[in-house]
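1. Predicted model follows, preceded by the sequence.
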Amino acid sequence: FFADGSAADSGRNVSHLFARAGTYLVELTVTDSNGQTGTSRVKVIANAPKKAPQAKIETIPPAPGDALVGPAPLSVTLSGAASTAEGANVVDYNWDFGDGTKAQGEQAQHTFTQAGDFFVKLVVSDDAGSVSPPATIRVRVNTPQNQKPLSSFATQPAPPTGNVPLSVTFDGAASKDADG
């Protein structure tokens, strides 16, 4: 019998599927033509399947909520240090920033230059060869707010004072618009 609650099987060669993790004492009883029996036992250890590592993204410094938000260009620093691998060590960190840029390493820095919603993904692998499902964080990059231009001009003559008819030239070349 198989000691896992299933029915005993008979025959010279028998296969059995142990569906749950555990230690089972399997017993084989052989009966000869005279009714004599011999019994042997073997311990079967069915291990639970190894869990995949778990990727976890943290922001540096910590950001409230589940998204990073700011105007372009938005620089972010992310860490995968809180990722875990049960019974193993996380050894590879693969980042995809959602804008065509990728990086590797426990920590990653990236600057988003275009406005939009980006979904940054982290996939980790452990030293046993298992790969995590992706962890995701949203980065919302806003269009920067328009800053009003700086108005400045020079006059010729300076100061623009004189008798009529007075001719004055105005030069606005010193005016500036930092964001276009």
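-> That came in fine, so what should we check first?

2. ok, now how distant is the most centrally placed residue in the chain from Phe112?
-> In the chain, the centroid-proximal residue (CA atoms, centre = their mean) is Leu122; its distance is 2.3 Å. Distance of Leu122 to Phe112, computed by CB to CB, to the nearest Å: 16 Å. (Each C-beta comes from the backbone N, C-alpha and C, glycine too.)

3. again, but for Asp9
-> Taking CB to CB, one finds Asp9 at 62 Å from Phe112.

4. Please identify which of the two sits among more neighbours.
-> Phe112 (23 against 10; other CB atoms under 10 Å).

5. For the more buried one, give me its contacts.
-> 72-76, 97, 99, 118, 139, 141 (CB atoms under 8 Å, 6 or more residues apart in numbering).

6. which is the next helix or strand following the lowest-mean-pLDDT helix or strand in the chain?
-> Least confident helix or strand, the chain: strand 67-71 with a mean of 85, by mean pLDDT, DSSP states H and E. Scanning forward in sequence from strand 67-71 by DSSP states H and E, the next helix or strand is strand 74-79.

7. Show me what Trp95 bridges to in the sheet.
-> Beta-bridge partners for Trp95, by DSSP bridges, are Ala103, Leu122.

8. ah, wrong one, I meant Thr136
-> Lys121.

9. I figured it hits Phe118, correct?
-> No - counting by CB atoms under 8 Å, Thr136 sits too far from Phe118 to count as a contact (10.3 Å).

10. higher neighbour count, the two?
-> Using other CB under 10 Å, the more surrounded residue of Thr136 and Phe118 is Phe118, with 21 against 14.

11. check contacts around the more buried one.
-> Contacts of Phe118 by CB under 8 Å, 6+ apart are 97-99, 112, 138-141.

12. Which of these sits closest to Lys56?
-> Arg138 (15.1 Å; CB to CB).

13. That's all I had, so thanks and see you.
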